[in-house]
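Chemist: Predicted coordinates and the sequence they were generated for:
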Amino acid sequence: MRFFKHWLSLSLVVIGSFVVLGYYGYDIYQQAPPIPERVVDEQGTVLLTGKDILDGQNVWQSFGGQELGSVWGHGAYVAPDWSADWLHRELTFMLDELSQKEHGKPFAELDLPTQAAIQAKMKNEIRTNTYNAETKTLQVSDERARAIASVGDHYARLFGDDPEMAELRNAYAMPANTLKDCHPTPRAGHYIHQQLAIREPDRQPSDRSDSHLVGHQLRYSSGGDRRIGLAACCS
């Protein structure tokens, strides 16, 4: 009985710690971003599937993942933060797409008021939640689908052995063929893992079903069709 109070205190601390961990673990699980079963464009063409996303995550982990660059600021800091890099490239592409579509010239050549209008339109598209929880399908605009394909091609060449990317790979301290199956062809073996560019759609605070629909992290699946791993970014 000499140490009874000590053992009792230790037991209460351990039990309390696991109760807190269990509570917040369950809360995090409830708020976890959904992985869509399909990502489609306006015509319903499938850009990628949930399996593509998870396969890509496995491949990302297979070569060290965050030892090469960071995601959400977590990881190594020689290569870029891939979430920010993907977001920048996707939105830059979309700005030029919208600018060419509406004004017939690159975004950089527009006057400031027109640029602001294009940016507002893009922001509205990016922040509008288009995930259907019933069908588990995420639909993106055709402009965004092309942006995803363009950025995906950039990463396929970067993680492959494209000579034009040699200088950039050197800056990132990346070897050629970091991923050997990522040539920029229709059968490249493409990627995107689950949290590269997070998308925070406009929502009510209590909405959990799709409140943190993420842009799926940069990944390469180990084979099969070239796949786009999408999606979403906050402004």
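Modeler: Everything's here; your move. Residues are numbered from 1 along each chain as shown.

Chemist: Show me where the protein has its strands.
Modeler: In the chain, the strands defined using DSSP state E lie at 38-40, 46-49, 70-71, 74-75, 131-132, 137-139, 193-198, 214-217.

Chemist: correct me, but residue 78 touches residue 173?
Modeler: Yes - between residue 78 and residue 173 there is a contact under C-beta atoms under 8 Å: 4.5 Å. (C-beta placed from N, C-alpha, C; glycine too.)

Chemist: could you list every residue that touches residue 16?
Modeler: With C-beta atoms under 8 Å, 6 or more residues apart in numbering as the criterion, no residue contacts residue 16.

Chemist: same thing with residue 26?
Modeler: Counted by C-beta under 8 Å, 6+ apart, residue 26 has zero contacts.

Chemist: What distance do you get for it to residue 75?
Modeler: To residue 75, residue 26 is 27 Å away according to C-beta to C-beta, to the nearest Å.

Chemist: same question, residue 63
Modeler: With C-beta to C-beta as the criterion, residue 63 and residue 75 are 13 Å apart.

Chemist: Compare neighbour counts for these two and give me the winner.
Modeler: Of the pair residue 63 and residue 75, residue 75 is the one with more neighbours under other C-beta atoms under 10 Å, namely 17 against 12.

Chemist: How confident is the prediction for the closest residue to the more buried one other than its chain neighbours, by pLDDT?
Modeler: Distance criterion C-beta to C-beta, 6 or more residues apart in numbering; nearest residue to residue 75, sequence neighbours excluded, is residue 66 at 2.9 Å. We have a pLDDT of 73 for residue 66.

Chemist: can you give me the mean pLDDT across the longest helix belonging to the chain?
Modeler: When the chain is parsed with DSSP state H, its longest helix is helix 4-30. The average pLDDT for helix 4-30 rounds to 90.
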